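Chemist: here is my input, please return the structure:
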Amino acid sequence: MAGLDTGRLSRTDTMGVAAALFEQGRPFLLSAKSDIRNAMCSKWDELLSPGGPLEALLRSVMREELAAFEARQPSQRNLGEAISKNVVAGVKHVVKTTSRTRTVEEMGRTALQNVVCNALDIEGVRQVHGAMLNLRVIANGKDPASQGDGITISFPAHSKKPDTYANREFMKLLQCIMAKVYSNMASIEEDKRPDVFRQKVALLTRHLDRVDDALEAVLRNILNNGRSDARAMFYKLLGFYLRMKDASIEMEHPTATAPALGSGRLSDFFSVVCELQATATGGMPADEAAAPAHEGSTDALSGVHSVVRKACLAVGIGRVGRLKM
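Modeler: As a prediction, the model looks like this:
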């Protein structure tokens, strides 16, 4: 420091003083650095040595954390009960909300008929009925046993048990419809086909099963309302005159020429004369004898009267044909 001016020091002088001081203290700093490094290394060696303080601390922390984690976990028994409870609840929900399709053998008669009915397109069945009825009428016309009867096939008795011509012919009609229904079902992809018809691709008349019986019952019910209305109209227009003792129906022009197809309305060929006996009170004599209209009475309405009407069969049958059967 000798030789320096004790007055105000310049920047250069200050830096010189600092450099001189550093050089003077270098041995001390180097010695202190070595001592610190040695002390730190010794301390780290002590901390990191096997079984040392750091290992003991880590072991203690791990034991505490594991103990706390174990305390937060449910016991094996509680865990089993919780799992069992959730599984049972889930199974019950699935069973309750998932509908299982019963097999044909598991269904009662009514249940099976309901399933069959729900699987059918009712309007489609009516269309099939119309087409099959036309075919059966044509077939009947070629059968000598039918004597040209194309009407009775649509008017069977209410019970299917009597072995009558009408019942036999109507059953043939039903089987034609059933065969067509199965054929239509077979054209649908199997995975989209109603389950009840999954295995039905044809009607085996010699091996009828429960599905066949159910379909027959459903078809009879579908066609019943229209048949009932048509039956009532048929007997009102024609059947009454054929059945009653003192009623008759005859062709007005027996030798008339048959009209062209579609032009039969009001033609001479289909013109008929209907005659019946009637009274003003609606009652008839016990012996159904035709009493003179005015015998023993001055009342023009007394007695039994002969009522004659003219009608056109083409008009009447057309009204029957327009009914939905």
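
Chemist: just the mean pLDDT for stretch 308-320, thanks.
Modeler: On average, the pLDDT along stretch 308-320 is 73.

Chemist: host element of residue 249?
Modeler: strand 248-251 (DSSP states H and E).

Chemist: could you tell me the average pLDDT over the helix or strand following that strand, please?
Modeler: Per DSSP H and E, the first helix or strand lying C-terminal to strand 248-251 is strand 271-278. Strand 271-278 shows an average pLDDT of 86 in the prediction.

Chemist: point out where the stretch 1-150 of the chain drops to low pLDDT.
Modeler: The stretch 1-150 of the chain contains residues with pLDDT under 70 at 1-9, 22, 24-26, 28-49, 51-54, 74-75, 79, 95-101.

Chemist: I meant the stretch 151-300 of the chain, not that one.
Modeler: Applying pLDDT under 70 to the stretch 151-300 of the chain flags the ranges 225-230, 283-300.

Chemist: which residues in the chain form helices?
Modeler: 11-48, 53-72, 76-97, 109-119, 122-141, 165-186, 210-234, 240-243, 313-321 (DSSP state H).

Chemist: tell me which of those helices lies nearest to residue 282.
Modeler: Comparing those against residue 282 with Cβ to Cβ, the closest turns out to be helix 240-243 (14.5 Å). Placement of C-beta: from N, CA and C, glycine included.

Chemist: check which residues of that closest one are buried.
Modeler: Within helix 240-243, the residues that count as buried by 16 or more other Cβ atoms under 10 Å are residue 241.

Chemist: ok, and the closest non-adjacent residue to residue 140?
Modeler: Leaving aside its chain neighbours, residue 140 sits nearest to residue 146 (4.2 Å; criterion: Cβ to Cβ, 6 or more residues apart in numbering).

Chemist: separation between the one you found and residue 122?
Modeler: In this view, residue 146 and residue 122 are 29 Å apart by Cβ to Cβ, to the nearest Å.

Chemist: same deal with residue 11?
Modeler: Distance, residue 11 to residue 122, using Cβ to Cβ: 113 Å.

Chemist: so which of the two has more stuff around it?
Modeler: Taking neighbours as other Cβ atoms under 10 Å, residue 11 and residue 122 compare with residue 122 leading, 10 against 7.

Chemist: separation between the residue nearest to the more buried one when sequence neighbours are not counted and residue 150?
Modeler: Nearest residue to residue 122, sequence neighbours excluded (Cβ to Cβ, 6+ apart): residue 222, at 6.1 Å. With distances taken as Cβ to Cβ, residue 222 is found 21 Å from residue 150.

Chemist: could you do residue 313 as well?
Modeler: Going from residue 313 to residue 150 by Cβ to Cβ gives 13 Å.

Chemist: now do the shared contacts for the two.
Modeler: Both residue 313 and residue 150 lack any common contact, where contact means Cβ atoms under 8 Å, 6 or more residues apart in numbering.

Chemist: returning to that earlier point: what number of residues lie near the residue nearest to residue 140?
Modeler: When neighbours are counted by other Cβ under 10 Å, residue 146 comes out with 16.

Chemist: and for the one 5 residues further on?
Modeler: The local packing of residue 151 (other Cβ under 10 Å) involves 16 other residues.

Chemist: so it sits against residue 235, correct?
Modeler: No: Residue 151 is beyond contact range of residue 235, at 11.4 Å (criterion: Cβ atoms under 8 Å).

Chemist: can you list residues touching both of those two?
Modeler: Common neighbours of residue 151 and residue 235, counting by Cβ under 8 Å, 6+ apart, are absent.

Chemist: which ones are touching residue 250?
Modeler: 272, 273.

Chemist: please report how far it lies from residue 191.
Modeler: Distance, residue 250 to residue 191, by Cβ to Cβ: 61 Å.

Chemist: can you get me the start-to-end distance on stretch 241-260?
Modeler: 27 Å (Cα to Cα, to the nearest Å).

Chemist: got the buried residues for it?
Modeler: 241, 249.

Chemist: try stretch 303-314
Modeler: 303, 304, 305, 311, 312, 313, 314.

Chemist: next, the contact list for the third one, please.
Modeler: It stands for residue 305. By Cβ under 8 Å, 6+ apart, the contact set of residue 305 is 277, 278, 279, 280, 293.

Chemist: what's the burial count for residue 158?
Modeler: Residue 158 has 11 nearby residues by other Cβ under 10 Å.

Chemist: same deal with residue 182?
Modeler: By the criterion of other Cβ under 10 Å, residue 182 has 18 neighbours.

Chemist: nearest spatial neighbour of it, skipping sequence neighbours?
Modeler: Leaving aside its sequence neighbours, residue 182 sits nearest to residue 200 (Cβ to Cβ, 6+ apart; 4.9 Å).

Chemist: doesn't residue 183 make contact with the one you found?
Modeler: No: with contacts counted by Cβ under 8 Å, residue 200 stays clear of residue 183, the gap being 9.8 Å.

Chemist: among those two, which residue is more densely surrounded?
Modeler: The neighbour comparison of residue 200 against residue 183 (other Cβ under 10 Å) goes to residue 200, with 20 against 14.
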